[in-house]
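[1] Sequence and computational prediction follow.
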Amino acid sequence: MKTKLLIALSAVFLFLMPVSTFGESINLGTAADFVLFTTVGAVGNTGISQLTGNVGSNSGSSTGFGNVNGLMHSSDGATSQCSSDLLLAYNQLNSAVSTFSHAPLLGDGETLVAGVYAIAGNSTLDLNLTLDAKNDPNAVFIFQIGGTFSSNVNSSIVLVNGAKACNVFWKVEGLVSLASGTSMKGTVIANNAAITINSGATLEGRALSIVGAVNITNVLAYTPIGCGSPTLNGPKAPELATTANYALFTSQGTLTNSGISNIKGDVGSNIGLTTGFDALTVNGTIHPIPDNSTAQCSIDLLGVYSALNILAYDIELLYPAQFGNNLVLTPHTYILKGSTVLTDSLYLDAQGNADAVFVIQITGAFATGTHAKVLLINGAQAKNVYWKVDGAVSVNDYSELCGTIICNNGAVQLNNGTTINGRVLTTNGGFATTAITVVNPLDIQTGLNSTDINTSNAISITPNPFRSYATITINDASKINNYNLKIYNTLGMLVINTNVTEQSMALKTGNLQSGIYFYRVTENNKTVQSGKLISQQ
């Protein structure tokens, strides 16, 4: 009788337990650092994919990858440890006690709460599957799939009410195939099977295989933040001393301008003449000949260069000639070992940390293509971006750069229509500019990119850049139904106008073309936040 009573009470207790307690946190170990990995098999890429996180195989080749915002590993100590940690994580997922059984079809507009979902055989994701954390920041979602897992075109995982991609796990006992345009969330672990992610898909999470090839084509994939992942601060910023006052400077060489250039900050040379600048368009001091200020700046510039030069780098970008191409970088010290060409756009993502520092070391000349851009997103500030270039700098027409560029023993050419939100300084070399705009970020928060920094922290919009979907999260639940979100294109046309009716709300963005957008959040017609969004369709 006592035994039956105990069993009954235990059943009632389990029934009443919060669902999230069934899905205990999964310890990925060093596997958490990898965005793509296989223990046995090849890892391959076709086209231009944007990846944040390490990539590698413990027994196989890695081919076709361009610049990756992470480390490339092949059969080394890191992959060996990742293999061990991945197997432990798989076993933990495999042994998790299921709280729900689910039919093979996932999605079709359904909403699931936290728990462990068991699917006996093959499974398919169709349309939208919403994962609702019920405002529990520790809510864990585990999907145990007994066969293959595939997605239909443009299907999506939507996270609401505090659900986090870092707390979503997919354990699959077969092939994983994500179709074009899929918006996937969570860590996918395939057991003894391959993983394929097709063109235009987005993965906020990881694709990890115990045995099987991992292949991607033109995807955006990045390791999720949260769940104990470290806040990225980047390296310590150098002390600029008097160089902070200058927008354009050379320690040795002439500094010449042609056309109408608008400059905020001082301009000058310590050995050579400074000519062609108009006091009416320079908001700072023009030093036509060397003086005490230029002498001190020359000394301080060597100190700044030295501080940047001795920084140990975190990540090597392996293909300097392919720099840009919509690459997303996070706060780190990067190195490119060779002459570097910036093409198209480079995104610097502070991940919401406005104090995060970026350092890019280039051991060679630096050039840009026409209309090349460096774009600051998610709190990044120009005053926290530094470039160390060991060679000449040539910025092509109508390019837009951000940060303090320190050129060592190289000439500088800033061509027609160039915009610099920062400074350009060289230790030795001639300096020529033609009809440019430069804003020194000294004592200002955002310079030209004021829309990059939120005026408050009312909401967050992730991911940014985005593809088919973005998630709007209100930080103060009492503001639900109070906020209105408007998104504008670069021509000022309103493209999205919606009220924020949930604490975490999915926003369909697939109808927006690739490019830059600006958003504004209002409450009672008063702006509480604004910022910049990037669409990568």
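    Noted; the coordinates are in hand.
[2] quick one: Gly403 and Val374 touch, right?
    Yes. The pair Gly403 / Val374 is scored as a contact, 7.2 Å apart, by C-beta atoms under 8 Å. From N, CA and C alone the C-beta is placed, and that goes for glycine too.
[3] Between those two, which contacts overlap?
    Val385 (C-beta atoms under 8 Å, 6 or more residues apart in numbering).
[4] Domain map for the chain?
    For the chain, automatic domain parsing gives the domain ranges 15-222, 241-448, 454-535.
[5] so which of the ones you listed comes closest to Leu232?
    With C-beta to C-beta as the criterion, Leu232 lies closest to domain 241-448 of these, at 4.2 Å.
[6] how far does that closest one sit from the chain's center?
    Centre-to-centre, domain 241-448 and its host chain are 22 Å apart (C-alpha atoms, centre = their mean, to the nearest Å).
[7] How about stretch 238-251?
    On C-alpha atoms, centre = their mean, the centre of stretch 238-251 falls 29 Å from that of its chain.
[8] For it, measure first residue to last.
    Using C-alpha to C-alpha, to the nearest Å, one end of stretch 238-251 lies 18 Å from the other.
[9] ok, and for that stretch, which residues are buried?
    The neighbour-count check on stretch 238-251 (16 or more other C-beta atoms under 10 Å) flags 238, 240, 242-251 as buried.
[10] of these, closest to Ser261?
    Distances from Ser261 to these, taken by C-beta to C-beta, are shortest for Leu248, at 8.9 Å.
[11] Which elements pack onto the strand or helix carrying the closest one?
    Using DSSP states H and E, the element containing Leu248 is strand 246-250. Judged by 3 or more C-beta pairs under 8 Å, 6 or more residues apart in numbering; DSSP states H and E, the packing partners of strand 246-250 are strand 262-264, strand 266-269, helix 292-309, strand 419-426, strand 431-434, strand 437-439.
[12] try 6 Å
    strand 266-269, strand 419-426 (3 or more C-beta pairs under 6 Å, 6 or more residues apart in numbering; DSSP states H and E).
[13] neighbouring strands for the first one, and are they parallel or not?
    Spelled out, that is strand 266-269. Applying DSSP bridges to the sheet, strand 266-269 is found paired with strand 246-250 (parallel), strand 286-287 (parallel).
[14] now swap in the longest one and tell me
    Taking DSSP bridges as the criterion, strand 419-426 forms sheet pairs with strand 246-250 (parallel), strand 400-407 (parallel), strand 437-439 (parallel).
[15] Give me the contacts around the second one.
    Applying C-beta atoms under 6 Å, 6 or more residues apart in numbering, the contact partners of strand 400-407 are 304-305, 373-374, 376, 382, 385-389, 393, 419-426.
[16] What subset of those residues is buried?
    Using 16+ other C-beta under 10 Å as the burial test, those include 304-305, 373-374, 376, 382, 385-389, 393, 419-426 as buried.
[17] Nearest spatial neighbour of Ala367, chain-adjacent residues omitted?
    Of all residues not flanking Ala367 in the chain, Ser394 sits nearest, at 4.4 Å (C-beta to C-beta, 6 or more residues apart in numbering).
[18] From Gly410, how far out is the one you found?
    Relative to Gly410, Ser394 is positioned 9 Å away (C-beta to C-beta, to the nearest Å).
[19] wait, what's in contact with Val412?
    Here Val412 is in contact with 393, 424, 426, 431 (criterion: C-beta under 6 Å, 6+ apart).
[20] before we move on, the earlier item: want to throw the strands paired with strand 419-426 into JSON lines with mean pLDDT?
    Output for those, formatted as JSON lines (pLDDT from 0 to 100):
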{"stretch": "strand 246-250", "mean pLDDT": "98"}
{"stretch": "strand 400-407", "mean pLDDT": "97"}
{"stretch": "strand 437-439", "mean pLDDT": "95"}
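[21] Go through the ones you listed and name the closest to Gly109.
    Among the strands paired with strand 419-426, the nearest to Gly109 by C-beta to C-beta is strand 400-407 (41.5 Å).
[22] quick check: angle from the closest one to helix 292-309?
    For strand 400-407 against helix 292-309, the angle by axes from the mean of the first three to the mean of the last three C-alpha atoms, to 10 degrees is 100 degrees.
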